[in-house]
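Let me see the structure of the following:
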Amino acid sequence: MRPQTLTPDSPLIQVLARGVCPICALMRAFQNSIIGSPVKQPARGLCNFHAWCLAAASPAWEAVPIFRAILQNAEASSHSGTVAPDSCDWCDALRQYESARFSEFVREMQRDGFADWVRQFGTICLHHADRLIATAPETLAALVKEVVARNKDELRKQLAEFDGKLHRGEGDGGGILGHIAEFLVSQRGVMR
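Below you'll find the predicted structure:
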C-alpha cells in the first residue's frame, strides 16, 4: 500500500506516522504547494531560496507574472525605499502557517492518546522542541524533553552502527545523516 501524499491540510495524526517532525513535514508540504502553484500565494518580494524555487520548480506560466510583479516592485521600492530588499512574502506565509500548525500540535498534545503515541514513537526536531518547551504547559514541556531525549538516543545508536559499517568498508545506511540533519535543523529546504 502506497503512503498517502502529504498536503498542507493533512491531519497531524497522518504526519505522526511518518517518523519525522510533524510541524516540519507540514511546513514542507505547505511550501511545496506554494512552489507547485505560486499564483495561489502571490509575492511582491522573495528571498534567495524562494526566488530560486520559483525559477526552478514552478510552472513557467505562473512564475512569469510573479517575477514581473517583483521586478516592478523592486523598481518602485528602489525609488521610494518602502519595501525591504530581503523581505519574502513566502517566508512570511510559511511562518504564519507554522504558527497555526504549532498551536494545533499543542492542542492535540493535550489528548492522552495523541500524547502517548508521541511519547513512544514521535519525532520532534530541536527547533520545534525548543519552542514547545518554552511556550507549552509544564506537563507538555516535560513530555517534549522526554521525546527529544529518546530521539537523541536513537540517533546516537544509529550513527554508531553506521560508523561501524563505514569502518568495515560498507556504505549502506547513509540515510541516518539526513535524519540527524533533520533533527538538528529541520527538514531540508524548510525556511524559517
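
most centrally placed residue in this structure?
C24 (2.7 Å; C-alpha atoms, centre = their mean).

so where is the protein shaky, pLDDT-wise?
1-4, 77-86, 173-174, 187-189, 191-192 (pLDDT under 70).

Which stretches in the chain count as helices?
12-16, 22-36, 48-57, 60-80, 89-108, 112-121, 126-135, 138-167, 175-185 (DSSP state H).

Please identify the most buried of these.
helix 22-36 (a mean of 22; mean count of other C-beta atoms under 10 Å). C-beta coordinates here come from the backbone N, C-alpha and C atoms, glycine included.

from the middle of its chain, how far away would that one be?
7 Å (C-alpha atoms, centre = their mean, to the nearest Å).

quick one: contacts of that helix?
Helix 22-36 is contacted by residues 6-8, 10, 12, 15-16, 18, 40-41, 50, 53-54, 57-59, 90, 93-94, 97-98, 101-102, 105, 122, 124-125, 127-128, 182, 186-187, 189-191 when judged by C-beta atoms under 8 Å, 6 or more residues apart in numbering.

swap in stretch 138-148?
By C-beta under 8 Å, 6+ apart, stretch 138-148 touches 106, 109-110, 115, 118-119, 122-124, 126, 129, 132-134, 136.

Farthest-apart pair in these, please.
Q110 and L126 (22.4 Å; C-beta to C-beta).

For P22, which non-adjacent residue is spatially closest?
V15 (3.9 Å; C-beta to C-beta, 6 or more residues apart in numbering).

so who does the one you found touch?
Applying C-beta under 8 Å, 6+ apart to V15 gives the contacts 6, 22, 25-26.

could you dump those to CSV with distance to I176?
Putting those into CSV (distance: C-beta to C-beta, whole Å) gives the following:
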residue, distance to I176
L6, 22
P22, 20
A25, 18
L26, 23
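
Would you point out the most distant pair within those residues?
Distance extremes for those: the farthest pair is L6 and P22 at 9.9 Å, using C-beta to C-beta.

How about the backbone phi and psi for V20?
phi -130, psi 170 (degrees, to the nearest 10).

Would you mind confirming that it is in contact with I124?
No. In this structure, V20 is not within contact of I124 by C-beta atoms under 8 Å, at 9.4 Å.

Return the distance of stretch 7-14 from the chain's centre.
Distance, centroid of stretch 7-14 to centroid of chain: 13 Å (C-alpha atoms, centre = their mean).

same check, this time on stretch 159-174
28 Å.

likewise stretch 48-63?
19 Å.
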